[in-house]
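Asker: 3D model of this:
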Amino acid sequence: MKRWLVFVFGALVAASISSCGGGGGGSASGSSTETVTGSVVKSYVSGATITFYSLNSNGTRGNSLGSSTTGADGSFSVSLSSIPSTPFLAESSGGTYVDEVTAATEVLSNDDHLCAVLPGGTASAAITSLTHMACVRALVIAANGINLEAAVNSVNSGIAQQFNLTNIISVLPVDASNSGDNTTAALDARLYGIVLAGIAQEASTLGVSALDLTTALAEDASDGILDGLNNGAGITIPNSVITLSASAALTGLQNAIDAFLLSGNNQTNVTVTQVLTNAVTIGINTAGSMYTTSTVLPAWTYDVAGSAQISVAGGTAPYTCALSSGSLPTGLALNPDCTISGTVAGPGVMTIFSPFTVAISDSAAVPSVVDVSLYVTVIAPGPTITAVTSGSCYTGMECTVQIATASGGIPTLYFTSDTFANGTPPLGMIIDLNGNLTGTAPENERAYSFGVCVVDALGAQDCTTTSVEIVAPGVEIFDGSYTGNYSGTAIDPELGSASVSGTTSVTISNGVIVGSSDSGDVSGTVNAAGTVTMGVVASDCLATFSGSLSVSEQGVATGSGAWSCLISGGGSASGTWNIAR
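Answerer: Residues are numbered from 1 along each chain as shown. Below you'll find the model as predicted:
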């Protein structure tokens with residue numbers, strides 16, 4: 001029996017999904033025309049099997065839609081005949097990961113699972129400890145007769161609110177202990193990774209595995225409140241005798257996060273973050289109930305005007321918001337239409353202000369009221385990116401060309417591809433950390449337009465669209481400085497034959513060759529096909545050089561050929577030459 005199914009469905013819908021296959025079974029037929037991508041993070045889980053399933057309206061599992069295996073970075077790409085328009089299930093099984101705190105390699109069995117319930121139409125998703133908690137709760141709600149879509153949306157939003165994250169599905173977390181990946185990760189991805197690292201830190205402190213703690217926290221969430229209980233019953237962390245505390249997901253997790261942030265394992269450059277340490281209601285219990293769909297505020301920027309919307313669904317629209325406790329940072333105001341707007345003044349790198357509570361009321365005759373606790377995070381102004389669109393690369397050849405510059409932000413700035421932009425860099429080429437497009441250009445001539453972002457040390461980013469031309473090489477492909485040598489034999493009617501040799505140094509610019517050799521000045525031309533014609537004016541002859549130049553995919557240019565001349569007095573000389581750039 002799968003570990004996460006045992007406690008979720010043992011008493012609720014055991015008859016429907018008491019085996020791994022669940023209801024329906026089988027694989028979706030038809031050709032694969034759409035793809036769901038994402039990653040499994042606890043930290044990065046490699047070699048895990050990812051399977052997608054349809055869901056029945058009561059949360060029971062339907063048909064298998066497709067499966068794949070995660071790569072070394074936890075990433076997956078699963079082909080489906082079509083992405084469901086209604087909520088569907090993603091589940092990981094097995095795999096290995098390196099713990100963010102202990103650095104130990106953890107090997108998961110086929111019975112070790114993480115899951116996520118995805119809103120219809122989702123094409124990119126994370127599967128994490130937090131999505132697992134939301135998954136367990138959402139399926140319990142649906143099994144109790146709540147509309148599946150409302151169950152999924154309310155739970156995913158509730159878990160995001162509890163852990164002060166903008167979104168637990170669409171944001172792909174970065175491993176908080178991985179210095180390389182944090183270099184180009186956005187702030188939201190870093191904060192998500194920090195919460196996951198906090199779970200690992202707390203598990204290490206308790207002496208249990210992070211997955212076992214995740215399993216217990218998911219059982220805690222299954223009744224809609226993180227209080228260490230499941231419908232009043234205590235929860236024992238699997239494979240241990242430890243009982244989950246009432247504060248494990250609240251102050252316990254916050255303390256673990258604080259410890260991680262102060263440790264050498266933290267590679268995010270973030271030094272402070274905050275989860276809600278009061279338990280919120282996770283998901284709705286009654287059909288038609290009002291619930292928030294976006295309650296975590298995006299980060300404000302110092303001295304820059306901003307606004308955010310608290311979004312609500314269910315109940316009776318329109319909705320009204322009012323401050324019920326605490327206070328907003330100076331410069332911000334809560335409007336009755338549930339928007340928060342204004343400017344926070346002052347210097348700083350990153351500040352998390354004390355939480356405040358907003359009461360949201362609907363327009364029913366007897367209004368429903370939902371209280372939401374919110375944090376405002378303010379960060380220093382981020383970087384500004386500027387596209388460089390004047391560069392070009394030659395077909396089939398290695399190329400490095402600048403495609404963006406940036407200024408501002410918190411040093412050091414790094415560039416990365418914008419995965420959400422329309423258009424991707426040419427196949428075989430990547431954007432490096434310095435804003436260059438590099439790699440081997442495609443064989444076909446065409447213009448490419450693609451997205452590029454700059455990220456600062458705290459994860460603030462700015463993105464734009466840039467472009468590059470892939471063109472066929474012309475004569476300018478040979479431009480540069482060359483050195484080489486020549487050798488051969490001179491024949492004199494009276495003195496006989498003798499060996500001759502020397503060095504050559506030339507510069508080529510737009511097909512024109514100039515330079516010198518041990519025998520005299522060099523001049524000549526090269527055409528776009530690489531055909532070389534050169535002459536050397538020596539004291540006793542005019543030598544003619546012929547041959548060709550070529551350029552490798554790596555941009556290394558070499559030339560070789562033959563030369564000859566008639567020596568005054570009836571003699572002659574001939575031989576070979578070579579040069580390289």
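Asker: got the residue ranges for the helices in this protein?
Answerer: 3-9, 14-17, 129-143, 148-162, 179-183, 187-206, 210-221, 251-262 (DSSP state H).
Asker: buried ones in stretch 452-464?
Answerer: Residues 452-464 are the ones in stretch 452-464 that count as buried (16 or more other CB atoms under 10 Å). The C-beta positions use only the backbone N, C-alpha and C, and glycine is treated the same way.
Asker: any idea which of the helices of the chain scores lowest on pLDDT?
Answerer: Lowest mean pLDDT within the helices of the chain: helix 14-17, at a mean of 32.
Asker: hang on, residue 477 packs against residue 394?
Answerer: Yes - using CB atoms under 8 Å, residue 477 is in contact with residue 394, at 6.2 Å.
Asker: tell me which helix or strand in the chain has the weakest average pLDDT.
Answerer: helix 14-17 (a mean of 32; mean pLDDT, DSSP states H and E).
Asker: ok, and the closest non-adjacent residue to residue 165?
Answerer: In space, and not counting its chain neighbours, residue 165 is closest to residue 192: 5.5 Å by CB to CB, 6 or more residues apart in numbering.
Asker: export the helices of the chain to JSON lines and append columns for mean neighbour count.
Answerer: Below are the helices of the chain laid out as JSON lines (neighbours: other CB atoms under 10 Å):
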{"stretch": "helix 3-9", "mean neighbour count": "21"}
{"stretch": "helix 14-17", "mean neighbour count": "15"}
{"stretch": "helix 129-143", "mean neighbour count": "27"}
{"stretch": "helix 148-162", "mean neighbour count": "25"}
{"stretch": "helix 179-183", "mean neighbour count": "16"}
{"stretch": "helix 187-206", "mean neighbour count": "25"}
{"stretch": "helix 210-221", "mean neighbour count": "26"}
{"stretch": "helix 251-262", "mean neighbour count": "19"}
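Asker: turn the ones you listed into JSON lines, including distance to residue 351.
Answerer: Formatted as JSON lines, the helices of the chain follow (distance: least, CB to CB, whole Å):
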{"stretch": "helix 3-9", "distance to residue 351": "38"}
{"stretch": "helix 14-17", "distance to residue 351": "46"}
{"stretch": "helix 129-143", "distance to residue 351": "24"}
{"stretch": "helix 148-162", "distance to residue 351": "20"}
{"stretch": "helix 179-183", "distance to residue 351": "21"}
{"stretch": "helix 187-206", "distance to residue 351": "13"}
{"stretch": "helix 210-221", "distance to residue 351": "29"}
{"stretch": "helix 251-262", "distance to residue 351": "15"}
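Asker: quick one, which of these gets closest to residue 301.
Answerer: Closest approach to residue 301 among those (CB to CB): helix 187-206, 11.3 Å.
Asker: same for the closest one, what does it pack against?
Answerer: strand 124-128, helix 129-143, helix 210-221, helix 251-262 (3 or more CB pairs under 8 Å, 6 or more residues apart in numbering; DSSP states H and E).
Asker: could I get these as JSON lines with distance to residue 407?
Answerer: Shown next, in JSON lines, are the helices and strands packed on helix 187-206 (distance: least, CB to CB, whole Å):
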{"stretch": "strand 124-128", "distance to residue 407": "30"}
{"stretch": "helix 129-143", "distance to residue 407": "36"}
{"stretch": "helix 210-221", "distance to residue 407": "40"}
{"stretch": "helix 251-262", "distance to residue 407": "29"}
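Asker: mind checking the ones you listed for the one nearest to residue 57?
Answerer: Of all the helices and strands packed on helix 187-206, helix 129-143 sits nearest to residue 57, with 7.2 Å by CB to CB.
Asker: helices and strands around the closest one, which ones?
Answerer: Going by 3+ CB pairs under 8 Å, 6+ apart, helix 129-143 lies up against helix 3-9, strand 105-118, helix 148-162, helix 187-206, helix 210-221.
Asker: so how far is it off the chain centroid?
Answerer: Centroid separation for helix 129-143 versus its chain: 25 Å, with CA atoms, centre = their mean, to the nearest Å.
Asker: just stretch 211-223 next, same as before
Answerer: The answer for stretch 211-223 is 27 Å, by CA atoms, centre = their mean.
Asker: what sits up against that stretch?
Answerer: 3-4, 7-8, 42, 106, 108, 112, 114, 129, 132-137, 140, 159, 199, 202-203, 206, 226-231, 235-240, 244, 248-249, 282 (CB atoms under 8 Å, 6 or more residues apart in numbering).
Asker: swap the cut-off to 6 Å and go again
Answerer: 3, 7-8, 112, 129, 132-133, 136-137, 140, 203, 226, 230-231, 235, 237-239, 244, 249, 282 (CB atoms under 6 Å, 6 or more residues apart in numbering).
Asker: residues touching stretch 338-357, excluding its own?
Answerer: Under CB under 6 Å, 6+ apart, the answer for stretch 338-357 is 272, 274, 300, 302-303, 305, 307-310, 319, 321, 324-329, 331-334, 371, 373, 375-380.
Asker: cool, and stretch 491-501?
Answerer: 487, 488, 489, 490, 570, 571, 572.
Asker: could you redo the last one with a cut-off of 7 Å?
Answerer: 485, 486, 487, 488, 489, 490, 570, 571, 572, 573, 575 (CB atoms under 7 Å, 6 or more residues apart in numbering).
Asker: max pairwise distance over the residues you listed: which two?
Answerer: Pairwise across these, and taking CB to CB, the largest span is found between 485 and 570, at 27.0 Å.
Asker: so which of the two has more stuff around it?
Answerer: residue 485 (14 against 10; other CB atoms under 10 Å).
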